[in-house]
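Enquirer: sharing a model that was predicted from the sequence below.
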Amino acid sequence: MTLQLKTINGVPLSEAIASNWDEIWGFQAKPGDILINTYPKSGTTWVQEIIDLIMNDVDEEKCKRAPIYERIPFVDILHLMKPGVEEVNAMPSPRILKSHLAFQLVPPSFWKEKCKVIYVARNAKDTATSFFYFDHMAHLHPTPESWDDYLERFMKGDVGWGSWYDHVKGFWEQKDQHNILYLFYEDLQKNPLVEIRKVMKFLDKDLPEEMLRKIVHLTSFKKMKENPMANYSTFPSDMLKQTDHKFMRKGKVGDWKNQFTVYQNEVFEADYQRQMSGSTLKFHTAV
Ligand code: A3P
């Protein structure tokens, strides 16, 4: 069976998500919920682990109580896995939740309840590269035919969760109208302590410097790759096949250089200028 994407409000979504759209749109956020929202492959898991550590006062053992996808449920696919809607409804506050939905698709209850939203953006070329490998593993999405074809689809926004360009610009334009902290994957790589402190302040926590340093250590790529509660090795294999590729792949800035040809880079750059023109959003890719 060939998997299809289905468009909801202008955004292509996996059919498994689109077919449950009314329930997702009606998700009931509660006051105090914290939402981590990203375009896929932008460092979601990294920031999830950082936030769980902050909210649990850097209790390393407590943050190994369950896999990351159970500690921080994924709003978009609650109907496909555990914890499902009922378990999430029963979770104590403050709940930490994850979503990849574009701004206009975020369930309105999050805005109504004035929830804190932490958005992470990653530069387009590394995101496209990471997503290409991820879509070989993810059973939700059509398997990429070739890198060339996939890159075309990425530029057109014809991939799961839609256009990267619209996603990053959508949250950027709304960040001052809502309670949104907008972070960059590249900044986290360059100066994790500074970025983690920003997250801590946004969450109204006050942890001493040495605890923040411990978070930097515990959430390094190497430590998270080794941690079965953070590395997705326990994720159901019928949804994520990690035989040829692993969820924790490289964790680098600039890996796109190993993926793009010179020609693809030129075409991508020209298209990027067109799609991002008029936006004040700028990525800092040099680390
Ligand atoms: P790569 O495929 O480039 O390695 P998400 O969690 O949004 O799905 O993003 C996954 C990407 O973030 C993957 O990128 C993964 O390796 C990277 N990543 C996960 N944890 C990380 C960490 N602690 N430090 C740096 N990168 C990390």
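Expert: Thanks, I have it.

Enquirer: got the residues of the protein near the ligand?
Expert: Proximity of the chain to the ligand (CB under 6 Å from any ligand atom) is limited to residues 38, 40-46, 126, 130, 133, 219-221, 224, 248-251, 255. Glycine gets a C-beta too; all of them are placed from N, C-alpha and C.

Enquirer: inside helices: which ones of those residues?
Expert: Mapping the residues of the chain next to the ligand onto helices (DSSP state H) picks out 44-46, 126, 130, 133, 221, 224.

Enquirer: against the ligand, how distant is residue 175?
Expert: In this view, residue 175 and the ligand are 19 Å apart by CB to the nearest ligand atom, to the nearest Å.

Enquirer: now that residue. Nearest residue, chain neighbours left out?
Expert: Leaving aside its chain neighbours, residue 175 sits nearest to residue 182 (4.8 Å; criterion: CB to CB, 6 or more residues apart in numbering).

Enquirer: how about that neighbour, phi and psi?
Expert: Backbone torsions of residue 182, given as degrees, to the nearest 10, read phi -100, psi 120.

Enquirer: begin at 383, not 1, for the rest of this chat.
Expert: In the new numbering, first residue 383, that becomes residue 564.

Enquirer: pLDDT at it, what is it?
Expert: On the pLDDT scale, residue 564 is placed at 98.

Enquirer: what are the bridge partners for it, then?
Expert: Beta bridges link residue 564 to residue 501, judged by DSSP bridges.

Enquirer: ok, now how distant is it from residue 393?
Expert: The gap separating residue 564 from residue 393 is 19 Å, by CB to CB, to the nearest Å.

Enquirer: try residue 566
Expert: Going from residue 566 to residue 393 by CB to CB gives 22 Å.

Enquirer: residues near residue 528, how many?
Expert: A count of nearby residues for residue 528, using other CB atoms under 10 Å, gives 9.

Enquirer: low-confidence ranges in this structure?
Expert: Counting by pLDDT under 70, the chain contains low-confidence residues at 383-384, 668-669.

Enquirer: hmm, 90 instead?
Expert: Scanning the chain with the threshold set as pLDDT under 90 gives 383-386, 521-522, 524, 618-621, 624-627, 666-669.

Enquirer: tell me where it has strands.
Expert: Taking DSSP state E as the criterion, the chain contains strands spanning 387-390, 393-396, 416-420, 478-481, 498-503, 562-566.

Enquirer: any chance of those strands in a markdown table, plus mean neighbour count?
Expert: Below are the strands of the chain laid out as a markdown table (neighbours: other CB atoms under 10 Å):
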| stretch | mean neighbour count |
| --- | --- |
| strand 387-390 | 16 |
| strand 393-396 | 22 |
| strand 416-420 | 25 |
| strand 478-481 | 23 |
| strand 498-503 | 24 |
| strand 562-566 | 19 |
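
Enquirer: mind checking which of the ones you listed is nearest residue 465?
Expert: strand 478-481 (10.5 Å; CB to CB).

Enquirer: helices and strands around that closest one, which ones?
Expert: Judged by 3 or more CB pairs under 8 Å, 6 or more residues apart in numbering; DSSP states H and E, the packing partners of strand 478-481 are strand 416-420, helix 426-437.

Enquirer: now the first one, how far from the centre of its chain.
Expert: Just to be clear, that refers to strand 416-420. Distance of strand 416-420 from its chain centroid, counting by CA atoms, centre = their mean, to the nearest Å, is 8 Å.

Enquirer: keeping just the C-alphas, turn it into CSV.
Expert: What follows is strand 416-420, C-alpha atoms only, in CSV (Å, rounded to 0.1, in the frame of the first residue of the first chain):
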residue,chain,number,x,y,z
ILE,A,416,4.0,23.4,28.3
LEU,A,417,4.0,22.7,24.6
ILE,A,418,7.2,21.9,22.7
ASN,A,419,6.5,22.6,19.0
THR,A,420,8.8,22.1,16.1
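
Enquirer: could you check the angle strand 498-503 makes with that strand?
Expert: Strand 416-420 runs at 20 degrees relative to strand 498-503, counting by axes from the mean of the first three to the mean of the last three CA atoms, to 10 degrees.

Enquirer: who does strand 416-420 pair up with?
Expert: Paired neighbours of strand 416-420 in the sheet (DSSP bridges): strand 478-481 (parallel), strand 498-503 (parallel).

Enquirer: and the helices in the stretch 483-632 of the chain?
Expert: Assigned by DSSP state H, counting those that start in this stretch, the helices in the stretch 483-632 of the chain fall at 491-494, 506-519, 529-538, 546-556, 567-572, 574-584, 591-600, 603-608.
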